[in-house]
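Participant: need coordinates for the following:
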Amino acid sequence: MSSSENYTPPNEMPPASIHRVLTGQKALVTGGSKGLGKDIAIGLAKAGADVLVNYNSDEEGARLTVAEIHALGAKAIAFRADVSKEDEVLAMFSAMMETFGRLDICIPNSALQLNAHVDEMTLAQWERVIGVNLTGVFLCCREAVRIFKRQGIDRSISYACGKLLLVSSVHDIIPWAGHSNYAAAKGGLMLFMKSLAQEVAHLRIRVNAISPGAIRTPMNVEKLTSPEVFESALLKLIPSKRIGEPEDVSRAVVWLVSDESDYVHGTTLYIDGGMTLYPGFIDAG
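Facilitator: Below is the predicted model:
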């Protein structure tokens, strides 16, 4: 084919190649009962980590995640906590230490959407989204940093004292009308991550973030399988012309919390097929 015009790549991805770079490490993943949180938790287990799987309302989903991790030969427990509530976060981290004895990786992934235009948005909608998506990240990071500082570095496990990986979204830089509470939380998360990374770098605590774009998760299945949305709208926003798969995210996560990325700090990795590259300008030159 001499021209790429009218060429649509198949929606496929390279085969998985996660190896056990996290053997002996203990991880905590919030929102691990479904969606990206579930796939991240399982990806960590495939790489050798034991995992606390947090959930808020989906106990059955969390137990299924734990069962999948056990089937991989790793240890896991499910723990219910609303990450926007300080006392529940404290209890979750206490359970982490009681069960696993240490914490090497913390991934505050929990997030939700309560969509409305600003003039129709209630204060409850605003506060709930900010509470889970931003305050919850702060509470988890604060407790993780406290633990990392107490336990110090064990080079037989990792070169870092601890790893924090925040889960953001392409909407930390792409405005999203009708979702201002969500976008505000993700935009705030970006500078919270950078500020925290600057603050703890000298302690060998590594802090980074991922910002996924359109990923094929259960929450997105209805939109991603709608011909109107999938072909007429969504793929126009993705230069690589495919929807992301959960493994695209989980493999990047494993790399970012492993010693293979030891010099990566204070960075956001966009896993979006180029969605943040202003695709509207592709034919505007």
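Participant: please confirm that residue 115 is located within a helix.
Facilitator: No: read with DSSP: H, G, I helix; E, B strand; the rest coil, residue 115 is coil and lies in no helix.
Participant: right, and it touches residue 179 too?
Facilitator: Yes: contact criterion Cβ atoms under 8 Å: residue 115 and residue 179 qualify, at 5.3 Å. Glycine gets a C-beta too; all of them are placed from N, C-alpha and C.
Participant: the two: which is more packed in?
Facilitator: When neighbours are counted by other Cβ atoms under 10 Å, residue 115 and residue 179 differ, and residue 179 comes out ahead with 20 against 15.
Participant: surely the more buried one is in contact with residue 112?
Facilitator: No: Residue 179 is beyond contact range of residue 112, at 11.3 Å (criterion: Cβ under 8 Å).
Participant: which residues in the protein form strands?
Facilitator: 26-29, 50-55, 76-80, 105-107, 162-167, 205-212, 268-271 (DSSP state E).
Participant: could I get these as TSV with mean pLDDT?
Facilitator: Listed next are the strands of the chain as TSV, based on pLDDT from 0 to 100:
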stretch	mean pLDDT
strand 26-29	98
strand 50-55	98
strand 76-80	98
strand 105-107	98
strand 162-167	98
strand 205-212	98
strand 268-271	98
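Participant: let me have the ones you listed in CSV, extended by distance to residue 134 and mean neighbour count.
Facilitator: Compiled in CSV, the strands of the chain are given as follows (distance: least, Cβ to Cβ, whole Å; neighbours: other Cβ atoms under 10 Å):
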stretch, distance to residue 134, mean neighbour count
strand 26-29, 18, 28
strand 50-55, 17, 27
strand 76-80, 21, 20
strand 105-107, 16, 28
strand 162-167, 10, 25
strand 205-212, 13, 24
strand 268-271, 15, 18
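Participant: for these, give me JSON lines that also has distance to residue 145.
Facilitator: Output for these, formatted as JSON lines (distance: least, Cβ to Cβ, whole Å):
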{"stretch": "strand 26-29", "distance to residue 145": "13"}
{"stretch": "strand 50-55", "distance to residue 145": "17"}
{"stretch": "strand 76-80", "distance to residue 145": "20"}
{"stretch": "strand 105-107", "distance to residue 145": "9"}
{"stretch": "strand 162-167", "distance to residue 145": "8"}
{"stretch": "strand 205-212", "distance to residue 145": "6"}
{"stretch": "strand 268-271", "distance to residue 145": "19"}
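Participant: so which of those strands gets nearest residue 95?
Facilitator: strand 76-80 (5.2 Å; Cβ to Cβ).
Participant: distance between that closest one and the chain's centre?
Facilitator: 18 Å (Cα atoms, centre = their mean, to the nearest Å).
Participant: which elements pack onto that strand?
Facilitator: Other elements packing on strand 76-80 under the criterion 3 or more Cβ pairs under 8 Å, 6 or more residues apart in numbering; DSSP states H and E are strand 50-55, helix 59-71, helix 86-100.
Participant: now with 10 Å, please.
Facilitator: On a contact count with 3 or more Cβ pairs under 10 Å, 6 or more residues apart in numbering; DSSP states H and E, strand 76-80 meets strand 26-29, helix 35-46, strand 50-55, helix 59-71, helix 86-100.
Participant: just put those in JSON lines and tack on distance to residue 158.
Facilitator: Below are the helices and strands packed on strand 76-80 laid out as JSON lines (distance: least, Cβ to Cβ, whole Å):
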{"stretch": "strand 26-29", "distance to residue 158": "11"}
{"stretch": "helix 35-46", "distance to residue 158": "13"}
{"stretch": "strand 50-55", "distance to residue 158": "14"}
{"stretch": "helix 59-71", "distance to residue 158": "20"}
{"stretch": "helix 86-100", "distance to residue 158": "14"}
